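# A structural model of the following input is requested.
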Amino acid sequence: MILNYISVLLFIPVVWTIGLALLKFSEINEDDIMNSLIGFPIGLSVCAVLAALVYIHFGAGIWFVRVGYAAGFVIALVYLIKKGVDKKVFYSLLMMVFVTLIVSVPGVIEGQKLFVHKGNIYDHYFYLAEVIYMCQHPVSFGADIISRGEALSDVMSFGYQVLELDRPTTPLLCASLCGKGWGNVFFEAYLFKLTVWTSWIGSMMYAIRSIAIYRKKELKYGMLFILSAIFVFGFYGQITNDIDSWPQLTSTPCLLAYVCVFIGIINVIRKEGRFRLSQFLLLVIAGSGIFLIYPEDTIVHAGLMVVATVLILLFDRQKMTFKSVLILLTVPLLIAGLIAVTDWSTLKFAVSQALSSGDDMRQNWAVYFDSYWDGYYPFIPSQIAWKNTVKKIIVSIISMSGMFIIAPDYACQNRVIMFLWIILAIIICVGIISVLVVSAGRVVYSCIKKKVSQETTFLCLAICGVIIFLAMLISKKPWSAGKMLLYISPFLYLMIVDTLVWAVADKRRFVRVMTFVPVVFIVVQFAFLAMRIQTVISNDNGTGYPRNYPSDQNPGLKEQYSYDFDAKEYKDSDGVCVNVEDPWYQSYIEMALDYEGISYYSVPDIAFYNNVERESTRLVDEADAIIVP
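Here you go, the predicted structure:
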C-alpha cells in the first residue's frame, strides 16, 4: 500500500502544477488562487493528451509517459517560478491531498472487499485488465506476440483486445501509477478513482465562486469547500463513483473546469474584442484530453456550450467580433484533428457509441443502473391506475433530483405519518419544478435585458440538459436519460446553489420561499453521506447500500468469497493453477497474479468477462501450486 500511496502523492502535485501553469499562461483569470482550484482537472486533461500521444501514437512504453509527465512538470514549475504565484495556491493542493487521504481510510480499514468492485463489476474489471496490460507492455506487445504464434495470458489477452477497441485513456492514466509488483493493483485503482473524485471539489468551488462574485457575495473558501463537498460526497457524486465508470468519474471535474474556462475566455473576448493564442491553445489541448477521457460526455457538453455561446452572440456579445467567432469554430475541428493523431480508435469508438446508444439492449441496463428512480422503499401499487401513476411521478421527481432516500414509503403502516410524508413530498416536487421554471425565466429575463452573465450561462446549461433528459424519457430511452442526468448533475447543483444565493440576497418574501428546495436538498445530501459512513462501519461485506441503488452488481459474491488474496505469496512458484468456478472471482485471482508477473492457467475453462466456454491460455506445462477458494 505504501508504494500505491507514494505514486498517487507524486501524481497529484505533478498534474496540478502542469494545469496551474497552463491556466496562468492563458491569462483568463489573474486570481492565482482561483486558478489553483482547477489546476488538477485542467492538468489531467493535458496529461491525457500527452499519455495518449506517447503510448498509443508513438507506441512507447509506460515509462516514457512518466518521463513526459516529469518533463511537463519541470517546464511548468520553471514557468511558475519565473512568473511568480501567490503562495496561497498551495492550500488548494494540500486540500486535495488531504481529502484524498481521508476518503481512502475506509479502504485501508475494510480491505479489498470494499473496493475490489462496486456497482459495475463488468466495466471495473474491463478497465483493470487494460491497466495491467499497459503498465507492463507497450501497445504493440500483444500484436507482436500473436504474430509469432505465441499466446498471452488470459488477462493480458483481454486487456489488449479492449485497448484496441475501447477508449483507453483513463486506464492509461491509472496505468502510469502502476507497475509490476508496485503494491496492489486493486488498491491503486481505488486511489486513482478517489483522486479524480476529490478533484471535483476544486472545480465546483471555482464555479460556485464565479456565481457568488456575480451576485457580489463574498463566500469564504471554507464555505465554498462545504458547498462543493456536499455535491461530491452527496448523491450525485457517490453514484458516479459507485457505478465504476472510470471515464465518467474522471471527465466530470475536467468538463466542469473546462466550461468555467470557456466562459472565462468568452468574457475576455467580449471585453477585449480579441482571442489570445494562449487561450486558444488551452481550449484545444484541454478539450482534446477530455474527449480522449470520455467522448460521450464531452460531446454532450460541447452541444450545451454551443447553445450558451449562441445566447451570448444573440443577446450580449459586447465587443465580440465575427473574427473571434470564426476562431472559436475552429476549436472543435482542431480537437478532432489532434484526437485523430493521438488515438484514432477513440474517435471511431465515439462515433459507434453515438450510433448504438439508443439500442434496446442498452436501454435495458436502466433496470439496474437507474433503479434509484423507484425510490428507497419498495413500491406498493394501488388498484386504481391513475393513483399508481401519480405515486410513481412523485417518487421519480424526488429520486431523480438526488433525494431518493426521502421518497415516500407507500407501505408505511402509520397512516398519519404516511399522509404527512406524501404532503411533504408533493410540496418538494412543486418546489423542484418551481426552481426549474424560475431558473428558465431568469435566463429569458437576462437575455431580454442583454446581460448574459456566468450565472445565466450555468442556468442555461442546466435547463438545456433537463430538456434533453426529458426528451430521452419521452422517447423511451431510460438508460440514455439516466446517463444524461449524471452528465448534467454539476449544473443542476449549481442551479440549486444559485437559487439559494439569489433568494437569500432578495428581500422579497415570495422570492425567499425559493430557499426551501435548496435547503432540503443540502440536508438530504448530508443524510445520504451519513448513511454511507454508517454502511461502511456496519457492513463488513463491502456491498454498499441496500434496496434500489446500483452499488453491488453481484449480490452475494463478496459474501461467498474472500478478497484478501495476496499474489506475492506465489512469487517463487513456477506456475499456478487457478481452480475457481465463479468467473468473476477467477478474474480477480488472475489479475492479481498477472500484476505480479506470475504464470498461471485456470480451470474450469471460463472466459474472462463473461461465461462463454473457452480454453484457458496455458503458459506453463505444470503447476506447483493450486488456488482453490
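
# And the contacts of the helix or strand in which residue 467 is found?
Using DSSP states H and E, residue 467 maps to helix 454-474. The contact list for helix 454-474, computed with Cβ atoms under 8 Å, 6 or more residues apart in numbering, reads 207, 210-211, 214-215, 259, 263, 267, 300, 304-305, 307-308, 311-312, 436, 439-440, 442-443, 446-447, 478, 480-481, 484-485, 487-488, 491-492, 494-495, 498. Bear in mind the C-beta positions are built from the backbone N, C-alpha and C, glycine included.

# tell me the mean pLDDT over stretch 427-446?
Stretch 427-446 carries an average pLDDT of 95.

# repeat for stretch 369-384
Mean predicted lDDT for stretch 369-384 stands at 83.

# From start to finish, how long is that stretch in a straight line?
Stretch 369-384 has an end-to-end distance of 29 Å (criterion: Cα to Cα, to the nearest Å).

# Return the set of buried residues in that stretch.
Buried residues in stretch 369-384, defined by neighbour count with 16 or more other Cβ atoms under 10 Å: 369, 370, 371, 372, 373, 374, 375, 376, 377, 379.

# Tell me how far the first one lies from residue 119.
So the one you mean is residue 369. According to Cβ to Cβ, to the nearest Å, residue 369 and residue 119 sit 8 Å apart.

# Can you pull the residues that touch both of those two?
Common neighbours of residue 369 and residue 119 (criterion: Cβ under 8 Å, 6+ apart): 243, 550.

# residue ranges of the strands in this protein, please?
With DSSP state E as the criterion, the chain has strands at 576-579, 600-603, 625-627.

# Please identify the deepest-packed of those strands.
Highest mean neighbour count of the strands of the chain: strand 600-603, a mean of 22 (counted as mean count of other Cβ atoms under 10 Å).

# so what does it touch, helix or strand wise?
Secondary-structure packing of strand 600-603 (3 or more Cβ pairs under 8 Å, 6 or more residues apart in numbering; DSSP states H and E): strand 576-579, helix 583-595.

# Show me what the first one is packed up against.
Spelled out, it's strand 576-579. The contact analysis (3+ Cβ pairs under 8 Å, 6+ apart) places strand 576-579 against helix 583-595, strand 600-603, strand 625-627.

# for the longest one, which positions count as buried?
Going back to what we said before, that points to helix 583-595. With burial defined by 16+ other Cβ under 10 Å, the residues of helix 583-595 counted as buried are 583-595.

# what comes up buried for the longest helix seen in the chain?
Ranked by number of residues, the top helix in the chain under DSSP state H is helix 415-448. Within helix 415-448, the residues that count as buried by 16+ other Cβ under 10 Å are 421-422, 425, 428-429, 431-432, 435-436, 438-440, 442-443, 446-447.

# dump the residue contacts of the one residue sitting closest to the centre of the chain.
Residue closest to the average C-alpha location in the chain (Cα atoms, centre = their mean): residue 249, at 1.4 Å. Residue 249 is in contact with 193, 196, 197, 240, 241, counting by Cβ under 8 Å, 6+ apart.

# okay, now the nearest residue to the last one once chain neighbours are set aside: neighbour count?
Same thing as residue 241. Excluding the flanking residues, the one nearest residue 241 by Cβ to Cβ, 6 or more residues apart in numbering is residue 197, at 5.4 Å. Counted by other Cβ atoms under 10 Å, the residues lying close to residue 197 total 22.

# State the pLDDT value of residue 197.
Per-residue pLDDT puts residue 197 at 98.

# hang on, the earlier thing: with residue 83 as the reference, name the closest of the strands of the chain.
strand 600-603 (52.9 Å; Cβ to Cβ).

# Tell me which strands the closest one pairs with, and in which orientation.
As defined by DSSP bridges, the strand partners of strand 600-603 come to strand 576-579 (parallel).

# quick one: low-confidence parts of the stretch 1-150 of the chain?
Low-confidence segments of the stretch 1-150 of the chain, defined by pLDDT under 70, are absent.

# Contacts for stretch 221-230, please.
Stretch 221-230 is contacted by residues 91, 95, 99, 200-202, 204-205, 208-209, 212, 219, 497, 522, 525-526 when judged by Cβ under 8 Å, 6+ apart.

# Might you list the low-confidence residue ranges for the stretch 401-550 of the chain?
Scanning the stretch 401-550 of the chain with the threshold set as pLDDT under 70 gives 540, 542-543, 546.

# Next up, the contacts around residue 170.
Going by Cβ under 8 Å, 6+ apart, residue 170 touches 48, 127, 246, 247, 250, 293, 294.

# Just give me the neighbour total for the third one.
Right, the one you point to is residue 246. As a burial measure, residue 246 scores 27 neighbours (other Cβ under 10 Å).

# What separation do you get for it and residue 318?
According to Cβ to Cβ, residue 246 stands 40 Å off from residue 318.

# Then the fourth one?
In this structure, residue 247 and residue 318 are 37 Å apart, going by Cβ to Cβ.

# Comparing the two, which residue is more hemmed in?
residue 247 (23 against 14).

# ok, the more buried one touching residue 290?
No: with contact defined as Cβ atoms under 8 Å, residue 247 does not count as touching residue 290 (10.0 Å).

# which residues of the stretch 251-400 of the chain score low on pLDDT?
In the stretch 251-400 of the chain (pLDDT under 70), the answer is 355-361.

# again, only this time at 90
267-277, 308-368, 376-389, 391 (pLDDT under 90).

# List the buried residues in stretch 526-545.
Within stretch 526-545, the residues scored as buried using 16+ other Cβ under 10 Å are 528, 529, 531, 532, 536, 539, 541, 542, 543, 544, 545.

# so how far is it off the chain centroid?
A distance of 21 Å separates the centroid of the chain from that of stretch 526-545, by Cα atoms, centre = their mean, to the nearest Å.

# Show residues contacting it.
Outside stretch 526-545, the residues touching it (Cβ under 8 Å, 6+ apart) are 106, 110, 113-116, 118-119, 230, 233-235, 238, 242, 405-406, 551-552, 555, 558-559, 563.

# these two touch, right, residue 495 and residue 435?
Yes: the pair formed by residue 495 and residue 435 meets the contact definition of Cβ under 8 Å, at 6.8 Å.

# Contacts only, for residue 188.
4, 7, 8, 174, 177, 178, 182.

# same thing but 10 Å
1, 3-5, 7-8, 128, 131, 135, 174-175, 177-179, 182, 595 (Cβ atoms under 10 Å, 6 or more residues apart in numbering).

# could I get the buried residues of helix 583-595 as a markdown table with pLDDT?
Output for these, formatted as a markdown table (pLDDT from 0 to 100):
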| residue | pLDDT |
| --- | --- |
| 583 | 84 |
| 584 | 88 |
| 585 | 89 |
| 586 | 88 |
| 587 | 89 |
| 588 | 92 |
| 589 | 92 |
| 590 | 91 |
| 591 | 93 |
| 592 | 93 |
| 593 | 92 |
| 594 | 92 |
| 595 | 93 |
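
# Just the closest of these to residue 20, please.
Among these, residue 595 lies closest to residue 20 (Cβ to Cβ), at 33.0 Å.

# how far away is that closest one from residue 144?
Look at residue 595 and residue 144: by Cβ to Cβ, they are 21 Å apart.

# Check residue 217 too.
According to Cβ to Cβ, residue 217 and residue 144 sit 60 Å apart.

# and what of residue 547?
49 Å.

# Equivalent analysis for residue 42, please.
Going from residue 42 to residue 144 by Cβ to Cβ gives 36 Å.

# ok, these two, which is more surrounded?
The neighbour count for residue 42 versus residue 144, taken as other Cβ under 10 Å, is higher for residue 42 (32 against 11).

# contacting residues around residue 33?
Contacts for residue 33 (Cβ under 10 Å, 6+ apart) come out as 85, 86, 87, 88, 89, 90, 91, 92, 209, 221.
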